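*Asks:* quick check, what structure comes out for this input:
(chains A, B, C, D and E, ligands or ions: 5)
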Amino acid sequence: MTILRTEAMCKNFDGVQVAEDVNFSMEPGEIRCLIGPNGAGKSTFFKLVLGEHQPSSGDIFFADERITALRSFERVRKGISVKFQVPGIFRELSVWQNMQIAVQHHLHRDSMAKDIEAALEFVGLAQKSRELAGTLSHGEQQWLEIGMAISTRPRLLLLDEPTAGMTPEETHKTGEMVHRLNREGMSVLAVEHDMEFVRQIAQKVTVLNFGVIFAEGTIGEIESNDEVARIYLGAFDDD
Amino acid sequence: ADDPIRIGVLEDQSGDFAAVTQVKVYAIEMAAAEINENGGIAGREIELVTYDTQSDDRRYQEFMRRVLQRDQVDTVFAGFASSSREAYRPIVNQFDGLAFYNNQYEGGVCDANMIVTGAVPEQQFSTLIPWMMEEYGPNVYTLAADYNFGQISAEWVRMIVEEEGGQMVGEDFIPLGVSQFSQNIRNIQSEDADFVVTLLVGSAQASYYEQAASAGLGLPMASSVNVGQGYEHKRFSPPSLKDMYVTTNFIEEVDTPEANEFVENFYEMFPDAPYVNQEAANSYIALHLYKQMVERADGSTDKEDLRAIIAEGDVCFDGPSGTVCLDPRSQHMSHNIFLAKVDEEHAISFPQTWDNIEPYWLGEVGCDLTENDPSAQYTPSDNPSR
Amino acid sequence: MTTEADSLLSVEHLTAGYGNTSVLQDVGFRVGQGEIVAVIGRNGVGKTTLMKTLMGLVKHREGTLRLNGEDLGPLDTHQRARRGIGYIPQGREVFLRMTVWENLKVGEMLKQPGEEVDYERVYEFFPILRERSNQRAGTFSGGQQQQLAIGRAMVAKPRLMLLDEPSEGIQPNIVKDIARNILKLNRELGTTVLLVEQNLEMIMTMAQRCYVMDKGQIVSELEPEQLRDRDAMRRALAV
Amino acid sequence: MNTPNQSLPRPSAWRVPYWVTLLNGPQTLGRGRIFWGGFFATVLCAALFPAFVDGWTTGNTAYFLCWVFMALGLSLIWGYSGALSFGQTAFFGIAGYGYGVVTLNFGAEYGMTFGALFMAVGASCIAAAVLGYVIFYGRISGVFLGIVTLSTTLVLHAFMAQTAGSQWAIGDARLGGHNGMTGMPPLTIPWPGMDIMLYSGVGLYYLLLVMVIVCYLALRILVNSRFGNVLVAIRENPHRAEMLGYDIRRYQLIAFIIGSGLAGLSGALYTAWGQYISPSSMGLAAAALPIVWVAVGGRKDLTATLIGTLAVLAVFQNLTIFGSYYALILMGILLVIVVLFLPQGLIPGLVQLVDNYRDRAGKGRVS
Amino acid sequence: MEYLHIAFSAFYQFGDAFAFLVLAAAGLAVIFGMMGIINLAHGEFIMCGAYVTVVTSAMGLPLPLAMLCGSLAAGVLGIVLERTIIHRLYHRPLDSIVATWGISLIITQGTLVVLGSSMPGISTPLGGFAVGDYTYSTYRMVLLGVALLVLAGLYVIFHHTTFGIHSRATIQAPHMAKATGVDTGRMNSLTFGLGAALAGLAGALYAPTMSIVPTMGANFLVESFVTVVVGGADVFLGTAPAAAILAVIKAALTAWYGQLIGQVGLLVTVIIVIRFLPQGLSGWLLKGRT
Ligand SMILES: Nc1ncnc2c1ncn2[C@@H]1O[C@H](COP(=O)(O)OP(=O)(O)OP(=O)(O)O)[C@@H](O)[C@H]1O
Ligand SMILES: Nc1ncnc2c1ncn2[C@@H]1O[C@H](COP(=O)(O)OP(=O)(O)OP(=O)(O)O)[C@@H](O)[C@H]1O
Ligand SMILES: CC(C)C[C@H](N)C(=O)O
Ligand SMILES: [Mg+2]
Ligand SMILES: [Mg+2]
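*Replies:* Residues are numbered from 1 along each chain as shown, chains lettered A, B, ... in the order given. Ligands and ions are numbered 1, 2, ... in the order given. Modelled structure (predicted):
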């Protein structure tokens, strides 16, 4: 079984091909990183999986069930959860309310309060539970969104650049969190540009370039792939 | 002295209709001042309780209730638009009050609580249409506002044109608020009409004249509503209303001694008034009729006492437009009808007048308020005789 | 390090915040002409707020700000910008519904009297901005937008560039490019740079000095030798 | 503002039913002793009110109460779920005419007027379901939604205005064109011997008062429930709400139907109050009014909307009575002032001012 | 020949409706379409343009100059209002409804109190011309020409001038525009003033064809809003095609079924267009690029 699989998925925007014959698959319980140059189509891949964009052709399967025709909220209810690249939070609501909305249809109301508090503790926002989410700093908003995404206990967690703007310390902490969630049975698919983080979490890495799967393999394989180094990694050497 | 007689005045002093109705308030104030100077009504002074209804039917509902219930007025003078009248009529009925509707309208209100001094279609069209057909020919095109007034008036025009052996070559209905008429002008041109009956209401629709003139339409026009009410010949520059014929029971150009005196007094009291239109005269007349009725009822302002006086059939007044009388069956007023002609310079002449045209239609179709009170509005296609 | 005389930007006793809460408390520092100075600190300590206060987007309550000896206090944001400050905000903030070219065009506003605008240099640094000059910026990927934001600030050769986490969301090799390009700008044109970053790599390659912020205050300054020492930096950050 | 509702003290002896706790919650302003004390005091005053004022004032207040439902409904649709409907008057009109058609055909006996009220509101709900389906399932939002709803009400207006002819009748009910429909009975309570006709007066006042209170409390519960949380979430960020697994279209549609049903309730009550309904109730000027009431009061809160609506109605009417020519100018000035100086709306703005004052006075904030 | 006459007649009706929609909507396209201010006082800017035109032309100014005055006066009024009130309402579009409604009440009623309930109008210049059996008003064709010029002007201003680019930048991301050195306060005033002046121009141009009363602006309001909304956010790519489509539909329906159906048809078209293009025409034309 695969937790997520795309078959010959294509997508273009007015002629710009952002996904081309993408055959992606991922095992349950896996942590996978999706990397690739800016504009390679990583975020678009997420949006296709979530049903925000419809593929021009091809199919998407979640836990071996075809979800291509489902609407976003139906896919989410099957157990997918996402943290977007641009924080998607309810800016005018308090941090606590943000969490409440995320969890209220998963949890019973009596235990909800405790769970929310625990989740806020987990992402380090317990002190700010009454503040309006829009007034949090950029990094705090990211944490809030991660908190919302994981508190629904999804089977598959999609993280689009979760550590952008985090200090190395926090990035590391995020990595540990990913591992912990993974141990609890969550599959994680993360888009990242921070290779240190990728090294920390990924079991397997997929490289996307111009909407095409360019390479796939363990982190070691990818890092030693010259082509990947050329198009993506580069080096801080010549100056 | 005795308590004053309180009269509620609900007229639109702002909003869409203000251009036409402001002078109604002036006329009532003027009549009240005159009457008070001469000792009031049966020795009692007149006190006006005036509210600005802002061209908003809901304000009529609110304030009609207020004048009847709180201000305890003896009678109310209220309303320009027919919809405003219909909005307040249930309230007048509920409190069994007496209201004067001093406005030209589409006709048909058969309600014991209402007295109507404005002109109605049988008075304006049975005169106007035959005269126009005689003068210009049998092919008639009607351009009418697409609501009660326009539709019912158009029905009258149609009826009379057929009776007189003419034919309707076209009828266009225009929703209220429309101000662009290119298509209608074209329609009229393609139908070879001899004249156009314009039953256009409101300031937006008045834009028709300028547009028709600039497109070179050049047909004679006939109307029951323009000029007499909205003084379009003053508001638009010549010659856009050239050859417009209007039947009205009064306008300031009427050149009789009574009319001149009235207009003179009017401008003396309200030098800034834009025009003295037919509704100003009707409002003025209404207050004088009321005075007469109350005095004849020995100072009673009770509705039934006053109706008993009307039932005598000789409540008449020699006013600015000549002698007019109240008809007991419909509680509408007879009128002397003037045919006003607008010329190239927008000067007015009166090729014809008709004396004492009765508001006969309601009686004919079975409205007899001396017998019973249906509190309804009839239309040609919906009345007891059908 | 720098004295009043040769400092381009000098900040003293700066206090600022939102509504009733103070975020920055008694912040003071200097940036010398031609220097590249970094600011680091955990999420939510006030780095962005500091940048915004320098730009006048957040009004300061106390303290003084000077650019080249001129008091910035009474100046509006746009007036400060026209004194030659180029601002690249966190979260990019390109004009989404305008084309790439139009975005750059807005950047011309910063041009000093008598100077020329230099599109060629921008295109040389970020070729995609030329290739896609008629695409709407809103349809750029995150990293592409970041490049545009930097390009926009570069068009008119600012005296001082404020960069708020420019590497966020950028593919590694372009991060390196950006670092290189900013250095180049600094060397060739003498542009002074104040840089907020989480990417230690980038700081290590670029910065000459570094301030560490915590809870709205500058708590320490790292010496150049510490700057080359990854672990020293980490320790400083973990205050 | 943001106290989570579970932090309310719960008496240990007996548990307050869950839904009662929803009367208080993050989505509504005002909780705690002071607020509810004030609430009961206000209800008491309102109940005693007719004893101290003249008949007109009572009847006129009843008239004001008629409008409250439409305002509350709009607050739900606009303030809570973020969809600015510019055409609530369409449902107002549909129900108004609906009440007229039913009562003119079936009379007022046997409580038929209440049946008519019910059917009229039902009709507006059905209309709202159809229109709402088109809007929300067609992904129409923002100003586009405003224009679609506005167009709807203007189409109804234009259509009804030209139904003067006698062919335009439903059974015995003549639509009446621009002059409107008249002759329908007021609400009538069947009573052995003599039916009680609720003309604008004390009886109608109490009936409406009770309806307003029930409606207000019910809506409070609704917006603090999970359903309400989702509505607010959709207002703030529909995209994120959908990505949390909510079918936002359904939630918005339901809110729209409820809110429009309330507009319908206002319409039917208004028609019964004045025995009159006309197309101008659905015109442009009429359509703008509810938005003004709700915005001035404070759209994001039910209490603010309720008080604000009554305040605006009363102030505007009094300006018209006493301000003569200048009334409309003064109204305009008032509106501009409220928007500029109390951007949250009149009531939240005042609450804020009082809070600030308390803060300055050194006392703790009582919320 | 006959066909040509009919074709011209159809063209004239279309052009007439098109000009009305474009001119009525142009100012609103700037103020509402671009700046996001739901301006219910749009009609009052139009009224202002008309009044000033009428007054100055009565004072003896040649009509084109009087019209220019009308347009400028509305522009100045716009700038004054922007400086005092509107500038606090950016990004609070919903509050702008209430504020501008208030402004509209003040202006309408203020005009009534100060200048009375109506004004003598001016007659339509240029007379008429005949094609086949029908005569037409020349002035209406001039209006069409002006409408096209206004569209072209808007396109050039907003896409090819620095002012236009800065103005758009200001509206999209005010903080960022400021931080790139744009004087956003001034930009907003000027843009709003431009919108108001365009509205004033509509009033000025239609003044010779309409009743001059304080409430005359209301006649433009619905048409201008639906045109702008059907058009969507882009001033030029929205307004031009929206006005064209709506004009065809309105002219055709009015010709075949009368004014009521013309009006109702216009509104129904609006509902249908929005249903299928929920971001308006320009949203659709620019799809994928937004
Ligand atoms: N709605 C759209 N219309 C047109 N082009 C689009 C649209 N959305 C994305 N694109 C284009 O598709 C390409 C892929 O974008 P995407 O956001 O998926 O990149 P990404 O891999 O996530 O990049 P980054 O790492 O910078 O976030 C980009 O070139 C972008 O310009
Ligand atoms: N608009 C605002 N209103 C109120 N408080 C705010 C606002 N913006 C930021 N804050 C608060 O100010 C503090 C500092 O925020 P700032 O954005 O400066 O942090 P930062 O150091 O840039 O963090 P990050 O690394 O996450 O970007 C945070 O605690 C945040 O909650
Ligand atoms: C002719 C109209 C202006 C007045 C008329 N009473 C009406 O129906 O509104
Ligand atoms: Mg991305
Ligand atoms: Mg920051």
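
*Asks:* okay, helices next: where are they in the stretch 1-150 of chain B?
*Replies:* Here the stretch 1-150 of chain B has its helices, by DSSP state H, counting those that start in this stretch, at B:18-37, B:57-65, B:82-94, B:121-136, B:148-163.

*Asks:* I'd like those as TSV, with mean pLDDT, distance to residue C:25 and mean neighbour count appended.
*Replies:* In this view, the C-beta of every residue, glycine as well, is placed from N, C-alpha and C. Shown next, in TSV, are the helices of the stretch 1-150 of chain B (pLDDT from 0 to 100; distance: least, C-beta to C-beta, whole Å; neighbours: other C-beta atoms under 10 Å in any protein chain shown):
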stretch	mean pLDDT	distance to residue C:25	mean neighbour count
helix B:18-37	91	62	22
helix B:57-65	92	58	26
helix B:82-94	92	65	25
helix B:121-136	90	83	21
helix B:148-163	89	73	22
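
*Asks:* out of these, the one nearest residue E:212 is which?
*Replies:* Judged by C-beta to C-beta, the one of the helices of the stretch 1-150 of chain B that comes nearest to residue E:212 is helix B:18-37, at 10.0 Å.

*Asks:* between the closest one and helix B:82-94, how big is the angle?
*Replies:* Taking axes from the mean of the first three to the mean of the last three C-alpha atoms, to 10 degrees, helix B:18-37 and helix B:82-94 form an angle of 40 degrees between their directions.

*Asks:* helix B:18-37 near ligand 3 anywhere?
*Replies:* No: applying C-beta under 6 Å from any ligand atom, one finds helix B:18-37 out of contact with ligand 3, separated by at least 7.0 Å.

*Asks:* so what touches that helix?
*Replies:* Contacts with helix B:18-37, where a contact means C-beta atoms under 8 Å, 6 or more residues apart in numbering or on different chains, come from B:7, B:9, B:11-13, B:41, B:45-46, B:48, B:50, B:55, B:77, B:80, B:102, B:203, B:229-230, B:265-266, B:269-270, B:273-277, B:279-281, B:283-284, B:286-288, B:291, E:112, E:117-118, E:213-214.

*Asks:* from these, which ones fall inside strands?
*Replies:* The strands, defined by DSSP state E, take in B:7, B:9, B:11, B:46, B:48, B:50, B:77 from the contacts of helix B:18-37.

*Asks:* the second one bridge partners, please.
*Replies:* Right, the one you point to is residue B:9. For residue B:9, the beta-bridge partners are residue B:50, residue B:77 (DSSP bridges).

*Asks:* how close does it sit to residue D:179?
*Replies:* Here the criterion is C-beta to C-beta, to the nearest Å. By it, residue B:9 lies 22 Å from residue D:179.

*Asks:* do the last one as well
*Replies:* Residue B:77 sits at a distance of 19 Å from residue D:179 (criterion: C-beta to C-beta).

*Asks:* same thing with the third one?
*Replies:* According to C-beta to C-beta, residue B:11 and residue D:179 sit 18 Å apart.

*Asks:* check the first one too.
*Replies:* Plainly put, residue B:7 is 25 Å away from residue D:179 if you go by C-beta to C-beta.

*Asks:* could I get the helices of the stretch 1-150 of chain B in TSV, plus columns for distance to residue B:375?
*Replies:* Output for the helices of the stretch 1-150 of chain B, formatted as TSV (distance: least, C-beta to C-beta, whole Å):
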stretch	distance to residue B:375
helix B:18-37	24
helix B:57-65	15
helix B:82-94	5
helix B:121-136	21
helix B:148-163	17
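
*Asks:* residue B:298: which of the ones you listed is closest?
*Replies:* Closest to residue B:298 of those is helix B:18-37 (C-beta to C-beta; 17.3 Å).

*Asks:* would you map the helices across chain A?
*Replies:* Shown for chain A, the helices assigned by DSSP state H span residues A:42-50, A:72-77, A:95-103, A:109-122, A:138-151, A:168-183, A:195-201, A:219-223, A:226-228.

*Asks:* next, the buried residues of the shortest one.
*Replies:* By that I understand helix A:226-228. Within helix A:226-228, the residues that count as buried by 16 or more other C-beta atoms under 10 Å in any protein chain shown are residue A:228.

*Asks:* does it reach chain C?
*Replies:* No: using C-beta under 8 Å from any C-beta of the partner chain, helix A:226-228 never reaches chain C; the gap is at least 10.1 Å.

*Asks:* what count of nearby residues applies to residue A:1?
*Replies:* 8 (other C-beta atoms under 10 Å in any protein chain shown).

*Asks:* mind listing what it touches?
*Replies:* By C-beta under 8 Å, 6+ apart, residue A:1 lies in contact with A:27, A:28, A:63, A:64.

*Asks:* just among those residues, which is most surrounded?
*Replies:* Counting neighbours by other C-beta under 10 Å, residue A:63 comes out on top of those with 17 neighbours.

*Asks:* name the nearest residue to that residue, sequence neighbours excluded.
*Replies:* residue A:3 (5.8 Å; C-beta to C-beta, 6 or more residues apart in numbering or on different chains).

*Asks:* that neighbour and residue A:30 touch, don't they?
*Replies:* Yes: checked against C-beta atoms under 8 Å, the pair residue A:3 and residue A:30 is within contact range at 7.2 Å.

*Asks:* joint contacts of the two?
*Replies:* Counting by C-beta under 8 Å, 6+ apart, the common neighbours of residue A:3 and residue A:30 are residue A:187.

*Asks:* the more surrounded of these two?
*Replies:* Applying other C-beta under 10 Å to residue A:3 and residue A:30 shows that residue A:3 carries more neighbours, namely 22 against 18.
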